[in-house]
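Asks: Pasting the sequence and the predicted model now:
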Amino acid sequence: MTHITCCFPSYSLGTMAEFHVILPRKFTIMRNDQNNNPIPDHGYPVLLLLHGACDSASDWLLHSHAAGLADEYQIALLIPTVSSSFYLDDVDSANTFTYITSELLEYARSVFPLSDRREDTCICGYSMGGYGAVRAGLLKPELFSKVISLSGALDISLAARYIRTCGHLLPKELSDTRILADTDFDLFYCLQQTSHPADTYPEFYLACGNQDVFSGCTSQFHEALQKRGLHTTCTISSGVHDWGYWRDAIAKAAAWMYLSLI
């Protein structure tokens, strides 16, 4: 695989933004008649990986084998760092939702040989990143074909209480859990407000450990997706809220996403 760390001035974040790009190893080999893995005509399929609260893009690289997915499935990974923003706009003076759903994708596609087709674009996250991935799939269904949540913080009020209990700081916009319900911070509310036909939404894959604080809301959100008529798969298996669970879960999620490519 090829690992590139990029920085560029982001208008959405108001600062220099750093993200990682992982490309298949064959990308570095001179293209000639003997290259059995040329760049696809439409560019490499893209998997956007979102990190959890109080983590960064490096956690995907240090604690999992996610980077190896680039070679295994001949895809490109985009892994941004966005602090504990919950991938929301107007939080801590940054527009992180706009960054991941518009600016980052546009910039990366202008620099690297990445597909801009919806069917080639997937998004996955763990914990806070699972929340961000699902929210992006609901609010920007035209961008993503598949959405994966691993131990996703799909109940925003529960997530805020959980993070405070763990001794971590929340953005001030999420500090009062009483005002989060029935707003577009609330994924269940977002789902209720969806107006597009069900078949225009991405496919959802929700996975969580059975000893995880978010296992209940994962099952509940799966049921809510089913009632709305959206395509959803839910897997609750042994595990807690840590990389011991997520390492295995990302491999299974990738097989769900990409087995048709090989």
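Replies: Structure received. Numbers count the residues shown, from 1 in each chain.
Asks: what about the nearest residue to Tyr87 once chain neighbours are set aside, how many residues close to it?
Replies: Setting aside the residues directly before and after it, Tyr87 is nearest to Gly132 in space (Cβ to Cβ, 6 or more residues apart in numbering), at 3.0 Å. For glycine as for every other residue, the C-beta is placed from the backbone atoms N, C-alpha and C. Gly132 has 28 neighbours, counted by other Cβ atoms under 10 Å.
Asks: got it, and Trp246?
Replies: Around Trp246 there are 26 residues (other Cβ under 10 Å).
Asks: Run through the stretch 1-150 of the chain and note the low-pLDDT ranges.
Replies: For the stretch 1-150 of the chain, applying pLDDT under 70 flags the ranges 27-37.
Asks: At which residues are the helices of it located?
Replies: 57-63, 69-73, 96-98, 104-111, 128-139 (DSSP state H, counting those that start in this stretch).
Asks: Among those, show me which one is buried the most.
Replies: Of the helices of the stretch 1-150 of the chain, the one with the most neighbours on average (mean count of other Cβ atoms under 10 Å) is helix 128-139, at a mean of 26.
Asks: what's next to it, contact-wise?
Replies: Applying Cβ atoms under 8 Å, 6 or more residues apart in numbering, the contact partners of helix 128-139 are 48-53, 84, 86-87, 97, 100-101, 123-125, 143-144, 147-154, 156, 159, 184, 187, 190-191, 194, 201-202, 204, 206, 214, 221.
Asks: quick one: which of those residues sit in strands?
Replies: Among the contacts of helix 128-139, the ones falling in strands (DSSP state E) are Leu48, Leu49, Leu50, Ile123, Cys124, Gly125, Val147, Ile148, Ser149, Leu150, Phe204, Leu206.
Asks: Any chance of those residues in a markdown table with neighbour count as columns?
Replies: Formatted as a markdown table, these follow (neighbours: other Cβ atoms under 10 Å):
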| residue | neighbour count |
| --- | --- |
| Leu48 | 26 |
| Leu49 | 28 |
| Leu50 | 31 |
| Ile123 | 29 |
| Cys124 | 28 |
| Gly125 | 28 |
| Val147 | 28 |
| Ile148 | 33 |
| Ser149 | 34 |
| Leu150 | 32 |
| Phe204 | 22 |
| Leu206 | 26 |
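Asks: What sits closest to His222 if chain neighbours are left out?
Replies: Excluding the flanking residues, the one nearest His222 by Cβ to Cβ, 6+ apart is Cys234, at 3.7 Å.
Asks: Leu13 too?
Replies: Excluding the flanking residues, the one nearest Leu13 by Cβ to Cβ, 6+ apart is Ala94, at 4.7 Å.
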